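In: Okay, sequence plus prediction incoming.
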Amino acid sequence: MKLKKLNYDLTVCKVASVADLDLNADFFFIGRTEEEISLVCLTEKAPRRTTAREDGWKGFFIDGALDFSLVGILAELSSILAAENIGIFAVSTFNTDYILVKAENFDRAIEALAAEGYEIV
């Protein structure tokens with residue numbers, strides 16, 4: 001299975017209103033519940049007004065569209081990283097899964113996944 005690296009710095013934050021979001025940005029994920037509005041975005045595009053913010057994330061994604069019947073892919077990836085004591089922030093789209101790790105752990109995460117047979121591009 002191929003994993004593609006994202007070549008930019010990411011921020012995970014909470015915002016008080018969707019009015020604070022740039023919905024024309026090239027890359028972002030929004031999650032909204034009764035309790036919060038969470039945003040993953042390019043660090044340079046993070047809103048100035050946030051209620052909480054954590055910079056310093058890097059990421060990769062599973063190359064290709066994943067069928068909804070597939071089971072355990074995210075669990076396997078997270079288990080490999082957990083064995084290396086690397087925490088993750090996972091986000092899924094209709095097509096695939098994205099995994100973010102803190103920037104200081106990124107190279108180690110990629111090495112661990114490559115050692116388990118994942119092709120990194």
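Out: It's in.

In: Direction included, what does the longest strand that the chain contains pair against?
Out: Scanning the chain for the longest strand, with DSSP state E as the assignment, gives strand 52-62. The sheet places strand 52-62 alongside strand 2-5 (antiparallel), strand 10-15 (antiparallel), strand 97-102 (antiparallel), with pairing taken from DSSP bridges.

In: can you put these in JSON lines and add mean neighbour count, mean pLDDT and distance to residue 111?
Out: The C-beta positions use only the backbone N, C-alpha and C, and glycine is treated the same way. Converted to JSON lines, those look like this (neighbours: other CB atoms under 10 Å; pLDDT from 0 to 100; distance: least, CB to CB, whole Å):
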{"stretch": "strand 2-5", "mean neighbour count": "15", "mean pLDDT": "94", "distance to residue 111": "12"}
{"stretch": "strand 10-15", "mean neighbour count": "20", "mean pLDDT": "96", "distance to residue 111": "20"}
{"stretch": "strand 97-102", "mean neighbour count": "20", "mean pLDDT": "94", "distance to residue 111": "12"}
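
In: now those strands as JSON lines including distance to residue 87?
Out: JSON lines is the format used below for the strands paired with strand 52-62 (distance: least, CB to CB, whole Å):
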{"stretch": "strand 2-5", "distance to residue 87": "17"}
{"stretch": "strand 10-15", "distance to residue 87": "12"}
{"stretch": "strand 97-102", "distance to residue 87": "7"}
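
In: How about residue 119: what's its closest non-neighbour residue?
Out: Spatial nearest neighbour of residue 119, chain neighbours left out: residue 2 (4.7 Å); criterion: CB to CB, 6 or more residues apart in numbering.

In: Would you quantify the distance from the one you found to residue 9?
Out: Counting by CB to CB, to the nearest Å, the separation of residue 2 from residue 9 is 22 Å.

In: I appreciate the help and will end here.
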